[in-house]
Structures are given as structure tokens and as C-alpha cells.
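>>> What follows is a predicted protein model with its sequence.
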Amino acid sequence: MNVLIVEDEKSLALEMDEFLSKEGFIVEHAWKKSSAEEKIFVNNYDFILLDLGLPDGDGFEILKQLKAMKDRDDAVIILTARSAVDDRIKGLDEGADDYLPKPFSLNELLARMHAITRRKHKLEKNEVNVHDFMLNIQNRTVSFGDERLNLTKKEFEIFNYLVLNKNRVVSRMSLTEHVWGDILEVNSDSNFVDVHVKNLRKKLSGISPIDWFETVRSIGYRINC
Amino acid sequence: MKLQVKFSLYNAVTKIAIILILGAIILFSLDRLAYNQLDNRLIKKKNKIIKNLNNNEIDSLLNKEQSFTDYNILKEEFIVLTDIPDNQKDSTSKVFTEKREIEGDIEVYRILNYKFSYHTNWYNLEIGETMTALQSIKNSIRFYMLIVLVAALLITLVADFTFSNFLLKPFYRIIDKKINLVDDPTHYNYQNIPTSTSDFKILDNSINSLMRKINTLFALEKQFIANVSHELLTPISILSTRFENMLNTPDIPVGHENKIYASLKTLNRLKVIINSLLLISKVENNQYLKTEEISLQQEIDDIYEDLEDRIADKNISYSANLSKDFHFTGNKALIHTLLINIINNAIKYNVDSGVIAITDKTEDEQYILTISDTGSGMSPALVENAFDRFKRGNSEENGFGLGLAIVQSIARFHKIDVDIKSEEHKGTNISLSFSK
């Protein structure tokens, strides 16, 4: 899948590039509104990661132009540090698929991209297989063979997030923010997420060995597959 | 007291004073005028009598007696001629007022007393005229003056009140529309209130120019907030993505990995603080709409769902029994933030197996929601500074005291009163008063 990163902050764009390339995305860059418009005119992208504050214009204008084109299905995620209150509503109204305020976690970005892919193309099944555990994203259930696991909402959310970011370290911080949302708390790294992970692992390991479910030292967790 | 009432009262008082003084002068001069006329009449009569007098007449008048008295039927006038001893020095005439009894009727008379000599004989002449008529005229003049006074007063009061009401109407409209009803300076109506009074025009224009200044400052602040947010959050964003990528690099030494993660946490702390400050600034900069219908019950239920596991982790007994489902108009996301901050604090600072109770009551046209916990509580000094930014409630916890500052700014934005009652080691009660 190809991604266009429209971002004037080069170092940020390069970090995103590094991360997404490892995930197998083909990444292109546009540093300015004009070059972004040119690229969008020529190519179709699966994802356009759009910064709003560009040196030669507003990212919203790019979004408007894209939406005016026919037969385009590029998913747009707005990434902005502008934090104007109505930007989010405006962005979604103008047809953006998601809105992620800066600073964001790359894990969160990836999870959102997966969610959009599932929603848009419906090609991917709603089920994900992780070492024979089947996650049904639609019904938010996990089963192993015929056996249905009794997970709490939060446990499912944690499992799902780790699976979306498989083979990567997901920090407790990123996990907490994803599952509990951004409640503006400084100590979001507190250990209560560990309690939920512990319960989740107990439930999973009760059925099948989970040596693929790693604790990465003091940082967080990783699911390998 | 309203200016309008003061004006009317002042006018009324000055008019009463003027009328009273004028009245007194009129009554006094009327008195003098009447006496003068009466006296003149008496003197004329006396002169007429004296002129027509001759010996025979006096003799016939006195009829060999010492004194002669005559009066008309209604006793309005009388005349008395008396023979007096002949040792008088010279003829005098004096006028005075006296009560006289005539055939059993006592009345007040104006009396002219005249001593004169006629053919070596001295006589005393008294001509009297009743004052009753004059008195009654005076009384009726007084009475009518009182009526005129009262009527003039009432008319004046009503006229003044109506006129000043008409005159001051633009003033009150300016105050109301340009000051009292202005909630959000960005939606201020600059249109002038029509008035022909130049003072009010000046006032109106002054308020307008003041509002323009406020609006400019507001816009500048908005721009500043946007810039700060962009300038601060972008570098954080770069760093945090960079650290994340570093963490995912295989085979980095454990020590470095820990340091990278610690850096990420520090960045996150920075992010939370900046976002909290931005939130407060944006609320105070009126950047949020207050147009959503909010059900408190619904919000509390949602928050419970979010925090359920934290409550369970601490084994807290939680109860939220609201007697009524209170609805109001506001910003849902902000109210959610406000409540989640309070309830989250109630969990965070609570003891294990503690209690959180959310109750409500209606009092004096206000709906009051109270969230009470059995946590560590706050000292009176802390309660006083609770809303100060960067005051830390509990030094062991990693909080930065912005939670309550956020609560306060959101509450102010929604005109909700926040009241904290706390006792150390016993718990805290936070009451939110919504006016209906």
C-alpha cells in the first residue's frame, strides 16, 4: 500500500517514513501544498497523511480538491498540532477519514490506518488469526477453535491493539492512551494497565501456551507472529 | 435607586418647594391686601360719617344717652358712638381686630376706633366690620391651593417619570445589549442603539471601541494559542516518533532502551501539561460552543464505564444515585472532562476499599451535584489554593494540580459553581451547582 505524507516538518516525515516502510508501506513525501497537489493529481494513494499547517497554504484545501476529484478513494488522516477546537469537526466534515492530534504515537497511527483499511475495503476479513486465536473485530470477541474466551472490553482492546502492532514494542504509555483515551493525566504510565494485561494473559494461557506474548522489560509488551 | 426615579424625585421636591414658597407669599400678601381694603373701607365710612355729622344729628343719635349703637341684621357691620370725657389731648384713629359680642353672638371684627371733638364735646366712634367672610375666603383659597399643589405634584411626578423613562431608555438599552447580554465578545453587535442624546452616543461608541479592543485581544490570544500549540507540539511530535522508532530498533543495549523510554515518558508529561494549559486557554478564550443538550446522568454513566476498572482495582464501593435526570445546554466534551477529572481524583486519592458517592439535590432554584470520597482529603490551605495552577495536592503522586484548574475553567465557562469541602484523612466533597 502506498502512503503520501504531506508534512513540512522533514524530520517528523522521515520518522514516519521509517516506521511505515518497516510495515511494508511505500512512502512518498510532499513538503508543500503545491507539491502535494501535484502528486495527488498524478497518483492514487491508499493513505494521505495530511498536515494542516503547510508553508504555502492550508491542508484543508488539499482535502477539498481531493474530494472534488472523481473516482478517488484515498483515505485521509489529518495530523495536526494546530489544535483549533473546530478543526477536528471541520476535518471530518470535509471528508477526512480520521483526525490525529500531534504528538501522536506511531502505534496509534498504525492502528488507525488498519481500522480504516478494514472499514473502507471490507476485503480484509473481520477476523484476525494470532497463533490460532481468532479476533473478531466486528463483534469484539476472541475465540480459540470452538471455544469463546470471556474477555472484558478493556482486555479485548489491549489484545487488539497489540495484534495491530504485532512484532513491535508497544509501550505501556501508548497502550494506556489507546485504551483509556486521552484523559490528560500526567501519570498515565501507572501500573494499572499491567493488571489488565496480566488478566488477559491468564485467560489466553489457560487455553494455549503464549510464549509469543512478550513483556519487554520495563517498557511494554510485544506480540510476535 | 434608579437615575430615573432620582430625577423625578428631585424635580418633585424642587417643585414642592417652589409652590410652597409661592403659596406662602400669596397667602401672606392676600392677608395684607384684604386688611388694607377693609381698613380703607372703614376709614372711608368714618370720613363719610364725620362729614355728615351735625349737632342735631349727634343729639338725635345719642338721644340724650351716653352711647349709640347700630348694626345691620346679619351683624356684618356695626357702629358705636360714645360720649367720652372732654379731657382728650387730640383726635386719634386706630384700627385693630377684636372679638365682639353682639346680642349673644361672638364674632371677630375689624374695628376702627376714632376719637374726635365736635363743638367742644369729645366722642368716640367705633365702626366694625366682620372678618368671617374674609376668613372663609382665606380658607377656601388655602384649600384650592392645596388641591392645585397636590395635582401639580402628581402631574409633575408622572410627567417627569414618563419623560425620563423615555429619555433614559436608550441608556438602559445600551447597558443591557452592550454589556449585560454580552457573553461572548466575538459575537458582539456593533450596531449603535438609536438615540438623539449625544451623551449616550458617546457611551455607546466608547463601549463599542472598548469591545473592539477586547475582540482584537481575543483574536490575538487565539492566534497565540494556535501558534504556541503548533510550535511546542511539533518538536514533541518529532522527538516522540524518533524515540518510538529507536525503541523498535533491534539489539539496542538495555540501558539505552530504558533511557529512551524514560525520555518518551518525559515527553508525554510535557505533552499532557501543554495540552492541559491549551485546554484551559481555549476554554477561557471562548473557543468552545455551548450548544449541546447534556444529561448529567448519561455523562456520569459514561464516565463510570471508562473508570470502572480503576474503581474495581482499588476495591472502591461506588454509588451514583441521582434523584432526577438533570439536563442543561453546554459542551459535552468539556463537561465530560470536568466530571472525569473530579471522579478520577476521587479514585486516585481514595484509600483501598474506600467509598465514592455521587448524590444530588435541588436547593434554591439550583441543582447541586455532589461527589464525595473517603480519600486523603486536603488541608484548609490546600483547599484555598485548589484551583491555582501548578499547586500539587499530594506530593507523592505525580499530579501537577492542573486537573482542578481545568475543572474550574470549564465550570466558569458553563457558569457552574464549584465548592470544595475537605477534611484531611477523611475525604473530600466537591459540589457543582447548576443554576436552572
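Perfect, I can see it now.
>>> Helices along the stretch 151-300 of chain B, start to end?
B:198-247, B:254-284, B:296-313 (DSSP state H, counting those that start in this stretch).
>>> Adding mean neighbour count and mean pLDDT, write those helices out as JSON lines.
Any C-beta I mention is one placed from the backbone N, CA and C, and that applies to glycine too. Formatted as JSON lines, the helices of the stretch 151-300 of chain B follow (neighbours: other C-beta atoms under 10 Å in any protein chain shown; pLDDT from 0 to 100):
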{"stretch": "helix B:198-247", "mean neighbour count": "17", "mean pLDDT": "90"}
{"stretch": "helix B:254-284", "mean neighbour count": "18", "mean pLDDT": "88"}
{"stretch": "helix B:296-313", "mean neighbour count": "16", "mean pLDDT": "88"}
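>>> In stretch B:72-89, which residues are buried?
Buried positions in stretch B:72-89, judged by neighbour count with 16 or more other C-beta atoms under 10 Å in any protein chain shown: B:75, B:77, B:78, B:79, B:80, B:81, B:82.
>>> And it, end to end?
33 Å (C-alpha to C-alpha, to the nearest Å).
>>> quick one, helices of chain A?
Using DSSP state H, the helices of chain A run over A:10-22, A:33-42, A:59-68, A:85-93, A:106-121, A:153-164, A:172-180, A:192-205.
>>> Which strands or helices does the first one pack on?
Secondary-structure packing of helix A:10-22 (3 or more C-beta pairs under 8 Å, 6 or more residues apart in numbering or on different chains; DSSP states H and E): strand A:2-6, strand A:26-30, helix A:106-121, helix B:198-247.
>>> Same check on the last one?
With contacts defined as 3+ C-beta pairs under 8 Å, 6+ apart, the packing partners of helix A:192-205 are helix A:153-164, helix A:172-180, helix B:296-313.
>>> okay if I get these as JSON lines plus distance to residue B:187?
Listed next are these as JSON lines, based on distance: least, C-beta to C-beta, whole Å:
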{"stretch": "helix A:153-164", "distance to residue B:187": "41"}
{"stretch": "helix A:172-180", "distance to residue B:187": "35"}
{"stretch": "helix B:296-313", "distance to residue B:187": "27"}
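>>> quick one, which of those helices is nearest to residue A:222?
Of all the helices and strands packed on helix A:192-205, the one in closest proximity to residue A:222, counting by C-beta to C-beta, is helix A:153-164 (7.4 Å).
>>> Any part of the closest one near chain B?
Yes - contact of helix A:153-164 with chain B (C-beta under 8 Å from any C-beta of the partner chain) involves residue A:154.
>>> Break the chain down into its domains, please.
Picking chain A for this. Following automatic domain parsing, one gets these domains for chain A: A:2-121, A:127-223.
>>> The intended chain is chain B.
Chain B breaks down by automatic domain parsing into domains covering B:3-136, B:198-284, B:292-435.
>>> Among those, show the one with the smallest mean pLDDT.
Ranked by mean pLDDT, these end with domain B:3-136 at the bottom, a mean of 82.
>>> Show me how far that one is from its chain's centre.
61 Å (C-alpha atoms, centre = their mean, to the nearest Å).
>>> Assign residue B:319 to helix, strand or coil.
In three-state terms, and counting by DSSP: H, G, I helix; E, B strand; the rest coil, residue B:319 is strand.
>>> try the one 5 residues further on
At residue B:324 the chain is in coil, as set by three-state DSSP.
>>> I'd like the domains of chain B as TSV, with distance to chain A appended.
Putting those into TSV (distance: least, C-beta to the nearest C-beta, whole Å) gives the following:
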stretch	distance to chain A
domain B:3-136	42
domain B:198-284	4
domain B:292-435	4
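>>> Figure out which of these is closest to residue A:209.
Each of the domains of chain B has some distance to residue A:209 by C-beta to C-beta; the shortest is domain B:198-284, at 24.0 Å.
>>> Can you get me the start-to-end distance on that closest one?
One end of domain B:198-284 sits 35 Å from the other (C-alpha to C-alpha).
>>> Now tabulate the helices of the stretch 151-300 of chain B in a markdown table and tack on distance to residue A:18.
Output for the helices of the stretch 151-300 of chain B, formatted as a markdown table (distance: least, C-beta to C-beta, whole Å):
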| stretch | distance to residue A:18 |
| --- | --- |
| helix B:198-247 | 5 |
| helix B:254-284 | 15 |
| helix B:296-313 | 34 |
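>>> For chain A, give me the ranges with low pLDDT.
Applying pLDDT under 70 to chain A flags the ranges A:83-85, A:121-125, A:182-190.
>>> before we move on, the earlier item: as TSV, the helices and strands packed on helix A:10-22 with distance to residue A:43 would be great.
As requested, these are exported to TSV (distance: least, C-beta to C-beta, whole Å):
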stretch	distance to residue A:43
strand A:2-6	7
strand A:26-30	8
helix A:106-121	18
helix B:198-247	24
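>>> Could I get the domains of chain A in JSON lines, plus columns for distance to residue B:312 and mean neighbour count?
Listed next are the domains of chain A as JSON lines, based on distance: least, C-beta to C-beta, whole Å; neighbours: other C-beta atoms under 10 Å in any protein chain shown:
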{"stretch": "domain A:2-121", "distance to residue B:312": "26", "mean neighbour count": "18"}
{"stretch": "domain A:127-223", "distance to residue B:312": "9", "mean neighbour count": "17"}
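>>> now for the ones you listed, which one comes closest to residue B:234?
It's domain A:2-121; of those, that one is closest to residue B:234 (C-beta to C-beta) at 4.9 Å.
>>> Any idea how far that closest one is from the middle of the chain?
In terms of C-alpha atoms, centre = their mean, the gap separating the centre of domain A:2-121 from the centre of its chain is 12 Å.
>>> tell me the phi and psi of residue A:95?
phi 110, psi 10 (degrees, to the nearest 10).
>>> how long is stretch B:79-94 from one end to the other?
Start-to-end span of stretch B:79-94 (C-alpha to C-alpha) is 15 Å.
>>> who's in contact with that stretch?
Stretch B:79-94 is contacted by residues B:43, B:46, B:49, B:58, B:61-62, B:66-71, B:112-117, B:120-128 when judged by C-beta atoms under 8 Å, 6 or more residues apart in numbering or on different chains.
>>> List only those of these flagged as buried.
Buried subset of those (neighbour count, 16+ other C-beta under 10 Å): B:46, B:49, B:58, B:61-62, B:68, B:71, B:112-116, B:122-123, B:125-128.
>>> Compute the first-to-last residue distance for stretch B:377-386.
Its first and final residues considered, stretch B:377-386 spans 12 Å by C-alpha to C-alpha.
>>> So what touches it?
Contacts of stretch B:377-386 from elsewhere in the structure, counted by C-beta under 8 Å, 6+ apart, are B:349, B:391, B:393, B:404, B:420-428.
>>> Go again with 6 Å.
Residues from elsewhere that reach stretch B:377-386, judged by C-beta atoms under 6 Å, 6 or more residues apart in numbering or on different chains: B:391, B:404, B:420, B:422, B:423, B:424, B:425, B:426, B:427, B:428.
>>> cool, stretch B:149-168 as well?
B:4, B:7, B:8, B:11, B:12, B:15, B:19.
>>> List the buried residues of that stretch.
Buried residues in stretch B:149-168, counted by 16+ other C-beta under 10 Å: B:149, B:153, B:156, B:160, B:161, B:164, B:167, B:168.
>>> So which of these is the closest to residue B:221?
For the buried residues of stretch B:149-168, the minimum distance to residue B:221 (C-beta to C-beta) is 35.7 Å, reached by residue B:168.
>>> distance of the residue nearest to residue A:203 when sequence neighbours are not counted from chain B?
Leaving aside its sequence neighbours, residue A:203 sits nearest to residue A:149 (C-beta to C-beta, 6 or more residues apart in numbering or on different chains; 5.7 Å). Counting by C-beta to the nearest C-beta, to the nearest Å, the separation of residue A:149 from chain B is 18 Å.
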